[in-house]
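1. model the structure of this input:
(one chain, ligands or ions: 2)
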Amino acid sequence: MGMSAELDLGLERRIGKRSAAVIEKHLGLTTVGGLLNYFPRRYLNRGELTPISDVPLDEEVTLIARVVSSSTRSMRARRGNITDVVISDDDGKSGLRLVGGRDYRGKVPGTLKVSFFNGYRAKAELLQGRRALFSGKVTRFGGSLGLTNPDFLLLDEDPFTQGKDPEQLAAMPIPVYPATAKLTSWSIQKVISTLLETVDLGTLPDPIPGAVSAREKFLPVAEAYRLIHAPQVPADWQHARDRFRYQEALVLQSALARRRAQLAAEEATARRPVADGLLAAFDKQLPFTLTAGQAAVGKTLSEELGQDAPMNRLLQGEVGSGKTIVALRAMLQVVDAGGQAALLAPTEVLAAQHFESIRRTLGSLSRDPMLSGDGLLAGLGGNAVQVTLLTGSMSTGARKQAMLDAASGTAGIVIGTHALLSENVSFYDLGLIVVDEQHRFGVEQRDVLRSKASRPPHLLVMTATPIPRTVAMTVFGDLETSVLNELPVGRAPISTHVVGLAENPGWVSRIWSRSREEVDAGHQVYVVCPRIGTDDDGDFSPGEAEPAAADLDGAARELASVTAVVEHLQQEPSLAGVTLAPLHGRQEPAVKSAAMADFTANRTKLLVSTTVIEVGVDVHNATLMVILDADRFGISQLHQLRGRVGRGGLPGTCLLVTTLEPGHPSRRRLDAVAATTDGFELSQEDLKLRREGDILGASQSGGRSTLKLLRVLEHEDVIARAREDAQDIVGRDPSLVRHPWLAEAIDEYLNPEKEAFLERG
Ligand code: ADP
Ligand code: MG
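-> Numbering: from 1, shown residues only. Ligands and ions are numbered 1, 2, ... in the order given. Purely as a prediction, here's the structure:
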């Protein structure tokens with residue numbers, strides 16, 4: 001048993017066998033620590049209590065009232081009985097209402113009928129004159145409002161309220177626990193109150209170091225447990241919650257700091273730059289100058305690659321900020337030093353695009369695969385690197401060859417999708433892994449790739465979805481961060497407009513004539529639809545879905561689909577003679593690549609697609625993007641999408657088309673996107689509109705957010721302080737010998753399920 005014997009103790013030892021069985025059955029908790037850490041979800045304050053005269057029909061209400069009368073009768077038609085209780089929020093004394101002591105002067109005290117079917121407990125407990133808290137849904141029977149089978153809690157018997165005068169009682173917050181249908185918040189509260197009496201709170205370990213507690217003026221741990229469960233005044237639970245919230249942040253950040261320290265302690269192969277290698281040659285032939293940001297990040301990467309501790313870096317960059325070149329230069333340095341580099345992309349389209357554009361960018365520095373039959377392999381190549389594509393949809397023969405090239409070291413740069421992770425892919429000497437568009441890739445997958453190198457490889461993770469600082473600190477807390485926030489010069493601005501068809505139905509034809517103008521000027525157009533066909537639920541293969549966008553009104557509306565829009569546009573007079581093609585995730589890979597290739601080569605003028613073009617696709621000649629039913633997409637997704645236009649020095653335009661009425665909540669997203677092109681600002685906005693679980697990727701892990709009290713956005717300062725403290729603590733005491741309780745809290749936190757969260761990134 002660990003240090004926290006009390007926390008590990010079986011619940012039955014403290015609350016008895018029967019209660020323990022109930023708690024285990026309904027909440028799945030078996031230990032003292034488990035139940036102690038089962039915190040109220042919120043607290044009811046007086047202000048939330050409803051006076052009886054105001055109870056609204058069909059709504060959940062909570063009210064404090066006094067029993068005026070009670071009677072029980074048998075039912076006529078069925079076996080069983082009904083207990084009718086009349087309650088009032090008039091305390092019977094002059095002037096003072098019982099309702100939470102709130103000042104209801106001017107209100108008429110009300111009475112309400114409360115009925116219980118077979119309510120044996122109600123019959124026994126709700127005796128005349130008793131005060132109770134009722135919670136239930138208001139229904140109407142026989143012309144008057146009432147409650148049927150509400151939850152109730154006798155206030156006079158409640159250990160927390162007993163002996164309190166009305167004013168004190170009025171100030172007492174009522175904890176509301178995450179309850180189940182079978183186990184009410186109040187039953188949980190009762191069990192916990194027993195627990196608080198029987199547990200030896202004084203022996204509970206405190207994971208927060210004393211110095212930190214002193215600095216933050218935190219409540220002692222015993223007091224904090226008492227007050228979070230049984231507050232006397234609102235400030236009690238607020239202080240307790242501050243403490244546990246910080247504790248949560250500290251444990252998480254310490255776990256991340258430890259992981260960082262462990263990663264840093266591993267030994268990697270240093271890949272130092274060489275004087276006249278591929279990288280030098282590449283820099284010489286670069287058709288543009290690097291932005292200051294690219295140069296600075298490049299320097300950091302170069303230095304870190306040259307060390308024998310593995311680099312673990314996150315590169316955040318605005319859409320179009322030029323991350324690929326930065327990654328490519330890092331890859332070339334590694335190849336120069338004799339290693340291989342792997343670039344992992346989230347989709348086949350993007351992998352293929354990277355493959356094409358990297359070979360194009362490298363020009364003569366890229367060497368085509370040699371036919372092995374020629375026997376010319378050895379010695380060929382000189383100052384050139386073989387770039388190899390490896391995806392799941394390649395023919396068996398091509399894939400075998402690619403795998404052979406990776407394993408033999410013939411391929412210096414291997415670009416691929418998930419296929420790179422498959423078991424039979426191996427490398428000769430993998431020195432650097434680049435993961436593009438991180439939000440689609442988990443850490444487990446990075447770790448699988450890592451395991452393909454004999455020594456830990458260097459790692460560069462790139463994300464185009466700007467991540468608020470706190471999310472970076474939490475979800476990517478094991479990586480160091482670099483930011484590219486400046487766009488290359490000559491990048492034309494993108495102007496974004498919301499096109500509301502509800503108020504201006506005629507604008508539809510204007511959209512297509514506008515597209516025509518663009519094509520006539522020699523440019524190209526993307527049209528993006530939320531669906532593939534009329535019979536499906538969208539193009540959402542796992543990981544591509546945008547849960548935030550799936551809102552309520554979808555079923556009623558006919559959403560734009562790629563097939564229907566292609567058909568429609570082929571008939572559209574203003575687009576007569578314009579070559580257009582569909583692109584979506586359900587096409588055969590060969591059809592997909594052909595569609596992409598045709599568009600890249602400007603053979604197709606107008607591409608009608610799903611969000612498959614969302615990430616990374618880079619066609620400079622595209623200047624207009626029309627997003628149909630744009631309200632179906634999330635903020636980051638829209639921002640990503642529009643980043644596909646305005647890339648070639650030509651100004652870009654993005655039309656966010658919607659049939660929703662102005663003022664519809666989902667149009668707020670569109671307005672936000674139209675209002676700014678600052679991705680960081682948008683990602684903050686996005687987070688506000690999303691559920692916490694989505695941020696943390698919990699939607700993939702079953703929808704349960706791991707963070708109990710921390711809210712990534714709201715508690716930025718808490719997370720930042722905890723991170724600093726954690727860094728300090730782990731820095732001085734890497735194996736936490738002087739902080740055993742913190743170490744134990746981390747282990748607790750990293751139980752397999754939660755470990756998965758950390759690993760998932
Ligand atoms: P992202 O960061 O979104 O992945 P890319 O790496 O795809 O952006 O770069 C977008 C485009 O900008 C590419 O066509 C690339 O060649 C170009 N580019 C990158 N760096 C520069 C630069 N310093 N000056 C001009 N163009 C650049
Ligand atoms: Mg990119």
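2. hey, let's count contacts and neighbours off CA atoms from now on
-> Fine.
3. quick check: residues of the stretch 251-400 of the chain near ligand 1?
-> Proximity of the stretch 251-400 of the chain to ligand 1 (C-alpha under 6 Å from any ligand atom) is limited to residues 288-291, 317, 319-325.
4. wait, is residue 72 part of a strand?
-> Yes: residue state for residue 72 (DSSP: H, G, I helix; E, B strand; the rest coil) corresponds to a strand.
5. and it, what are its bridge partners?
-> residue 83 (DSSP bridges).
6. next one: it from residue 606, what distance?
-> Using C-alpha to C-alpha, to the nearest Å, residue 72 is found at 75 Å from residue 606.
7. neighbour count for these two, which is higher?
-> residue 606 (28 against 18; other C-alpha atoms under 10 Å).
8. so what sits opposite the more buried one in the bridge?
-> With DSSP bridges as the criterion, residue 606 is bridged to residue 525, residue 580.
9. next up, the contacts around it.
-> 524-527, 578-581, 599 (C-alpha atoms under 8 Å, 6 or more residues apart in numbering).
10. looking at the residues you listed, which has the most residues close by?
-> Neighbour-wise, the contacts of residue 606 (other C-alpha under 10 Å) top out at residue 524, 28 neighbours.
11. quick check, it in contact with residue 601.
-> No: with contacts counted by C-alpha atoms under 8 Å, residue 524 stays clear of residue 601, the gap being 10.6 Å.
12. quickly note the distance from the closest residue to residue 148 other than its chain neighbours to ligand 1.
-> Spatial nearest neighbour of residue 148, excluding adjacent residues (C-alpha to C-alpha, 6 or more residues apart in numbering): residue 115 at 4.9 Å. According to C-alpha to the nearest ligand atom, to the nearest Å, residue 115 stands 63 Å off from ligand 1.
13. how many residues are close by residue 115?
-> 21.
14. now it: which helix or strand?
-> Secondary-structure element containing residue 115, defined by DSSP states H and E: strand 111-117.
15. helix or strand right after that strand?
-> helix 120-125.
16. report the distance from that following helix to the chain centre.
-> Helix 120-125 has its C-alpha centroid displaced from the chain centroid by 46 Å (C-alpha atoms, centre = their mean, to the nearest Å).
17. also stretch 188-201?
-> 35 Å.
18. what's near enough to touch the residue of the stretch 101-250 of the chain found nearest ligand 1?
-> Residue nearest to ligand 1 within the stretch 101-250 of the chain (C-alpha to the nearest ligand atom): residue 249, separated by 31.3 Å. Applying C-alpha under 8 Å, 6+ apart, we find residue 249 in contact with 710, 718-719, 722-723.
19. now stretch 562-573: mean pLDDT?
-> Here stretch 562-573 scores 94 as its mean pLDDT.
20. please export the C-alpha coordinates of it as CSV.
-> This file holds the C-alpha atoms of stretch 562-573, laid out as CSV (Å, rounded to 0.1, in the frame of the first residue of the first chain):
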residue,chain,number,x,y,z
VAL,A,562,-20.8,17.1,-54.2
THR,A,563,-22.8,15.0,-56.6
ALA,A,564,-25.9,17.2,-56.6
VAL,A,565,-23.8,20.4,-57.0
VAL,A,566,-21.7,18.9,-59.8
GLU,A,567,-25.0,18.0,-61.6
HIS,A,568,-26.4,21.5,-61.0
LEU,A,569,-23.3,23.3,-62.1
GLN,A,570,-23.1,21.4,-65.3
GLN,A,571,-26.5,22.9,-66.2
GLU,A,572,-25.6,26.4,-64.9
PRO,A,573,-25.6,28.8,-67.8
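21. stretch 298-305 - what's its average pLDDT?
-> According to the model, stretch 298-305 has a mean pLDDT of 97.
22. helix/strand/coil for the residue in the stretch 401-550 of the chain positioned nearest to ligand 1?
-> Ligand 1 sits closest to residue 488 of the stretch 401-550 of the chain, with a gap of 4.4 Å, by C-alpha to the nearest ligand atom. Using three-state DSSP, the structure places residue 488 in coil.
23. isn't it up against residue 291?
-> Yes: if you go by C-alpha under 8 Å, residue 488 and residue 291 touch, sitting 5.9 Å apart.
24. for residue 231, which non-adjacent residue is closest in space?
-> Spatial nearest neighbour of residue 231, chain neighbours left out: residue 237 (5.6 Å); criterion: C-alpha to C-alpha, 6+ apart.
25. give me phi/psi at residue 414?
-> phi -110, psi 120 (degrees, to the nearest 10).
26. residues in contact with the residue nearest to residue 148?
-> 82-85, 146-149.
27. out of those residues, what pair is the most spread apart?
-> Across these, the longest distance by C-alpha to C-alpha is 14.0 Å; it joins 82 and 146.
28. for these two, work out which one has more neighbours and name it.
-> Set residue 82 next to residue 146 and count neighbours by other C-alpha under 10 Å: residue 146 wins out with 24 against 17.
29. that one - that's part of a strand, no?
-> Yes: counting by three-state DSSP, residue 146 is located in a strand.
30. you'd agree residue 251 is up against residue 739?
-> No: look at residue 251 against residue 739 with C-alpha under 8 Å: they stay out of range, at 11.4 Å.
31. mind listing the shared neighbours of the two?
-> Shared contacts of residue 251 and residue 739, defined by C-alpha under 8 Å, 6+ apart, comprise residue 207.
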